[in-house]
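Trainee: no FASTA, just this:
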């Protein structure tokens, strides 16, 4: 399954339905029908190859659309600041997962062996 790591508390906010936009500088290669596992981890993974073995699977979502991030998106993204040039990933079809499923977290979109 394809996965995306999101730094705590962002993953939990997605799983709770409070964070409906994920904001990144890049667009994923996903269709609106592709499932994406959200893995919450405790630190930013800044360099290619960075991983965190202590990730937690928190939800499965779909990325309905990708568009420019605008200041009016701050609440939906649970963001603390706004900067031009970022992309808003509109999350849909939220399926929260029961707690306790540890997985590695990695940069960008990556593959994991996971069945919800």
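Mentor: Nice, thanks for sending it over. The structure presented is a predicted model; accordingly, all values stated were derived computationally and were not measured.
Trainee: Mind listing what's buried along stretch 85-97?
Mentor: Buried positions in stretch 85-97, judged by neighbour count with 16 or more other C-beta atoms under 10 Å: 86, 87, 88, 89, 90, 91, 94, 97. Placement of C-beta: from N, CA and C, glycine included.
Trainee: Any chance of TSV for those residues, columns pLDDT, secondary structure and distance to residue 103?
Mentor: Supplementary listing: those in TSV, determined by pLDDT from 0 to 100; DSSP: H, G, I helix; E, B strand; the rest coil; distance: C-beta to C-beta, whole Å:
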residue	pLDDT	secondary structure	distance to residue 103
86	98	coil	26
87	98	strand	25
88	98	strand	25
89	98	strand	20
90	98	strand	24
91	98	strand	19
94	98	strand	18
97	98	coil	10
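Trainee: Quickly check these for the two that are furthest apart.
Mentor: In terms of C-beta to C-beta, these reach their longest pairwise distance at 86 and 97, which sit 26.7 Å apart.
Trainee: Name the residues that touch stretch 13-24?
Mentor: Counting contacts by C-beta atoms under 8 Å, 6 or more residues apart in numbering, the residues outside stretch 13-24 that touch it are 4, 6, 10, 38, 40, 58-59, 61, 63, 69, 73, 76-79, 86-91, 94, 96-97.
Trainee: And it, what's buried?
Mentor: Buried positions in stretch 13-24, judged by neighbour count with 16+ other C-beta under 10 Å: 13, 14, 15, 19, 20, 21, 22, 23.
Trainee: Got phi/psi on the third one?
Mentor: The phi/psi pair for residue 15 (degrees, to the nearest 10) reads phi -60, psi -30.
Trainee: again with the first one
Mentor: Note on residue 13: its backbone torsions stand at phi -70, psi -40 [degrees, to the nearest 10].
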